[in-house]
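*Asks:* Give the three-dimensional model of this entry:
(chains A and B)
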Amino acid sequence: DQQVKQNSPSLSVQEGRISILNCDYTNSMFDYFLWYKKYPAEGPTFLISISSIKDKNEDGRFTVFLNKSAKHLSLHIVPSQPGDSAVYFCAAKAAGNKLTFGGGTRVLVKP
Amino acid sequence: GAGVSQSPSNKVTEKGKDVELRCDPISGHTALYWYRQRLGQGLEFLIYFQGNSAPDKSGLPSDRFSAERTGESVSTLTIQRTQQEDSAVYLCASSLDGSIGKAFFGQGTRLTVV
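*Replies:* Numbering: from 1, shown residues only, chains lettered A, B, ... in the order given. Prediction:
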């Protein structure tokens, strides 16, 4: 039972345009959501997070939107840069310290 | 070192053999996590340590898997009688105060069982 789903396994976008990554979850107990970025042969690195009491969090080129009623969150990257090419994981947590991850979306930013 | 260090980076083992994977967390980080990532899938939680105790080991897939942590530092993940389905990248992460929210991940150990 996948509690966190990233339905798009890959995304290709032109440099300078917006990348939109989507994530859906089923567990209504999740109260904190994170996005991680992963380059090949490296561990995931934290990108941005959002608490369930908010609906938007922005950090530079990265913005995360949370729609609790739809159990949906998205990550916007604007403008996209070639260095953003990586796999992006959505993750969620309920009480405690266990993160549940989605399957990842591979982003390719074309110059 | 400055980051989370895992060894070995790659391990090929024969089915049925035991393997031991090591994680050196960032100095001073009290919390340590093990995850694994099978090919084409997301990260799967295995176990969480706070200090030397493991308050959550609900993700260990079978009794062939065990982990320990000594001295609030190094952790080892042991897989006994390895099976082909154990092939994955095993990732370790640590965080300063127990919050997984901004844990730092190591580069992982790629385990291949042949």
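*Asks:* So which residue is dead centre in chain B?
*Replies:* Centroid check for chain B by CA atoms, centre = their mean gives B:Trp34 as the closest residue, at 3.5 Å.
*Asks:* in what helix or strand does that one lie?
*Replies:* Remark: B:Trp34 resides in strand B:31-37, with elements defined by DSSP states H and E.
*Asks:* which helices and strands does the helix or strand following that strand pack with?
*Replies:* Proceeding N to C from strand B:31-37, the next assigned helix or strand is strand B:43-50, under DSSP H and E. In this structure, strand B:43-50 packs against strand A:99-101, strand B:31-37, strand B:53-56, strand B:65-69, strand B:75-79, with contacts taken as 3 or more CB pairs under 8 Å, 6 or more residues apart in numbering or on different chains; DSSP states H and E. The C-beta positions use only the backbone N, C-alpha and C, and glycine is treated the same way.
*Asks:* okay, those in TSV with distance to A:Lys56 and mean pLDDT next?
*Replies:* Listed next are the helices and strands packed on strand B:43-50 as TSV, based on distance: least, CB to CB, whole Å; pLDDT from 0 to 100:
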stretch	distance to A:Lys56	mean pLDDT
strand A:99-101	21	89
strand B:31-37	28	94
strand B:53-56	31	88
strand B:65-69	38	96
strand B:75-79	37	98
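*Asks:* Deepest-packed of these, please.
*Replies:* Mean neighbour count (mean count of other CB atoms under 10 Å in any protein chain shown) peaks for strand B:31-37 among the helices and strands packed on strand B:43-50, with a mean of 25.
*Asks:* which neighbours does that strand have in its sheet, and in what orientation?
*Replies:* Here the strand partners of strand B:31-37, with direction, are listed using DSSP bridges: strand B:43-50 (antiparallel), strand B:88-95 (antiparallel).
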